[in-house]
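okay, here's the prediction I keep looking at, along with the sequence it came from:
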Amino acid sequence: MGIIKKLASQTAVYGISSIFGRFLNYLLVPLYTYYFSAAEYGVVAEFYAYAGFFSVVLIFGFETGYFRFRDKTHTGKDFAYSTALIFVLLANLVFFLTIVLFNTKLSEALNYSNHPEYVLCFTLILALDAIASIPFSKLRAENKAFHFAGIKLVEILITVLLSLFFIIYCPKLYAENSHVWINQIYDPAIGIGYIFIANLIASLFKFLLLIPQLKCITYGFDPELFGRMLRYSLPMVVIGFAGIINEMLDRALLKYLLPYDLHTNMKMLGIYSACYKLSILMSLFIQAFRYAAEPFFFSYSSNTDARIVYAKVLKFFVIFCVFIFLLVTLFIDFFKYFVGEEYRVGLDVVPILLMANLCLGIYVNLSIWYKLTDRTLMGAVVSLVGAGLTILLNAWWIPLFGYIGSAWATLACYASMAMVSYLLGRRYYPIAYDIKRVLVYITLGIGLFFAKQNLPIGSGWQQSWLVSSELIALYILITLLFEKRQFLMR
């Protein structure tokens, strides 16, 4: 339990930036959904969906590749870091110049010929973020979690403040027409474009804060090491790209597969994307866990009790994820106010997406078998199978069921990937996971959720909150009874 508590503390530190910091960003959701229509928010959701795909491709898997090879340099200098950084820097420079060259045609193809600046803005954001990912990996590898968290928090804080400035403060001054300078920095016609501008400025500040980490680029480029890193990392691109297909493809496809006109499709996309944000507590915890767990799994793999620890990590991970599932679904009458009234018709997708994210988190835990055995190509195959299932189910279910079909497709995909990864892990890196206990906690969470739906509760929110609190207390009590010995161990 001691090493698990250490991992938990690292997860908590990374959570300062990913959970607390992103929670600040999460507060922008009501800002966007109360000030912009669902169709306008659909534009934002579409671009962020595209951004998800490119964010994987533009890093080329060198985040994980750096972790794998950083301890194998023989001269004392971090050639793995400088080699990765030089490659990612040059690749993103080429990417940016290419998009600049073909921006007009690309904007027309995406139906944004009136706003080609959207494409350019996002291209620069993607390039800056991709380059910054390598210095961030170095901070993680060196256990500089607070440094990592501090820079992430600055980025998010700037995004939040600028969003408030452009979306609330500037329109107020512009309407009053009492300040001449406001006409120089604000144009109402830009509208949702200010969301992109705020993001770009924040990315620039983040990049400036990481400049001290760039000095190691002077170690140079090692071609032989680069070849080894590339062979290891490219399958991770396939895995990451497949993962983004599973996570983001629904929002990219809704615009084209929903059986309505373009405006209505964008409105449905906006509703689905806003309600997707209500599952963010689960996804943020998984992200924070990922930041802490990936270097931990590699560094702890040589210990004799590694597989025992990995099994316990999965169990406690599921316990906490089920708690998040219950927190959001049982108190959905509170969380629904984080989106505008126009968007609340899509709340039915929230429990499905929360459970889908739980399955994704399980897959993250189970996927260590191919990372620790260097079978990244097999891991890529698992991800590709999941991606193929996502494409098939979305193409099938969106025209039939609308965005609710996308939610079910996401759950089916992640559950299938977790199952396949578990079966392959039993063969190539056997770990005695307590599957029965894991399934008990998941079933318990789903059962308590349905119990709330079917209990005769009065119309007042007080009664609803009381029942929800009692159900969560029951879950905690059962968990403590089952895991009492584990919690008491040091």
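Looks like it arrived, so ask away.

going forward, measure contacts between C-alpha atoms and count neighbours the same way
Fine.

name the helices or strands packed onto the longest helix seen in the chain?
Across the chain, the longest stretch assigned as helix under DSSP state H is helix 223-257. Contacts defined by 3 or more C-alpha pairs under 8 Å, 6 or more residues apart in numbering; DSSP states H and E place helix 223-257 against helix 38-57, helix 62-69, helix 79-101, helix 262-276, helix 376-401, helix 403-428.

the last one: how far from the chain's middle?
Okay, so that is helix 403-428. Relative to the chain's own centre, helix 403-428 is displaced by 17 Å; criterion: C-alpha atoms, centre = their mean, to the nearest Å.

picking up where we left off before, switch the helices and strands packed on helix 223-257 over to JSON lines; also include distance to Asp250, mean neighbour count and mean pLDDT.
As requested, the helices and strands packed on helix 223-257 are exported to JSON lines (distance: least, C-alpha to C-alpha, whole Å; neighbours: other C-alpha atoms under 10 Å; pLDDT from 0 to 100):
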{"stretch": "helix 38-57", "distance to Asp250": "9", "mean neighbour count": "20", "mean pLDDT": "86"}
{"stretch": "helix 62-69", "distance to Asp250": "26", "mean neighbour count": "22", "mean pLDDT": "81"}
{"stretch": "helix 79-101", "distance to Asp250": "24", "mean neighbour count": "19", "mean pLDDT": "91"}
{"stretch": "helix 262-276", "distance to Asp250": "9", "mean neighbour count": "23", "mean pLDDT": "90"}
{"stretch": "helix 376-401", "distance to Asp250": "7", "mean neighbour count": "20", "mean pLDDT": "89"}
{"stretch": "helix 403-428", "distance to Asp250": "6", "mean neighbour count": "21", "mean pLDDT": "93"}
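
and of the ones you listed, who's closest to Leu28?
helix 262-276 (10.8 Å; C-alpha to C-alpha).

tell me which residues in the next helix or strand along the chain from the closest one are buried?
Once helix 262-276 ends, the next helix or strand along the chain (criterion: DSSP states H and E) is helix 280-300. Buried positions in helix 280-300, judged by neighbour count with 16 or more other C-alpha atoms under 10 Å: 280-297.

coming back round to it: for Ser133, find the nearest of the helices and strands packed on helix 223-257.
Across the helices and strands packed on helix 223-257, Ser133 has its closest neighbour in helix 62-69 (7.0 Å, C-alpha to C-alpha).

now for the closest one, which elements pack on it?
In terms of contacts (3+ C-alpha pairs under 8 Å, 6+ apart), helix 62-69 is packed against helix 79-101, helix 116-141, helix 223-257.

run the angle between the helix or strand following the second one and helix 116-141 for me.
Using DSSP H and E, the helix or strand that follows helix 116-141 in sequence is helix 145-164. Taking axes from the mean of the first three to the mean of the last three C-alpha atoms, to 10 degrees, one finds that helix 145-164 is oriented at 160 degrees with respect to helix 116-141.

chain center to helix 145-164, what's the gap?
The answer for helix 145-164 is 16 Å, by C-alpha atoms, centre = their mean.

for the following helix or strand past that helix, the distance to its chain's centre please.
Using DSSP H and E, the next helix or strand after helix 145-164 towards the C-terminus is helix 170-176. Once both centres are worked out by C-alpha atoms, centre = their mean, helix 170-176 turns out to sit 35 Å from its chain's centre.

what does helix 170-176 contact?
By C-alpha atoms under 8 Å, 6 or more residues apart in numbering, the residues outside helix 170-176 that reach it are 179, 182-183, 186, 188.

surely Val160 meets Tyr32?
No: counting by C-alpha atoms under 8 Å, Val160 does not reach Tyr32; the two are 11.4 Å apart.

looking at Gln453 now. What's its pLDDT?
pLDDT for Gln453: 85.

if I pick it, what's in contact with it?
Going by C-alpha under 8 Å, 6+ apart, Gln453 touches no other residue.

give me the number of residues near Val438?
18 (other C-alpha atoms under 10 Å).

for the residue nearest to it when sequence neighbours are not counted, which three-state class applies?
The shortest distance from Val438 to any non-neighbouring residue, by C-alpha to C-alpha, 6 or more residues apart in numbering, is to Lys315 (5.9 Å). Of the three states, Lys315 takes helix according to DSSP: H, G, I helix; E, B strand; the rest coil.

for Lys315, give its distance to Trp397.
Distance of Lys315 to Trp397, computed by C-alpha to C-alpha, to the nearest Å: 33 Å.

quick one: closest of the helices and strands packed on helix 223-257 to Phe207.
It's helix 79-101; of the helices and strands packed on helix 223-257, that one is closest to Phe207 (C-alpha to C-alpha) at 12.2 Å.
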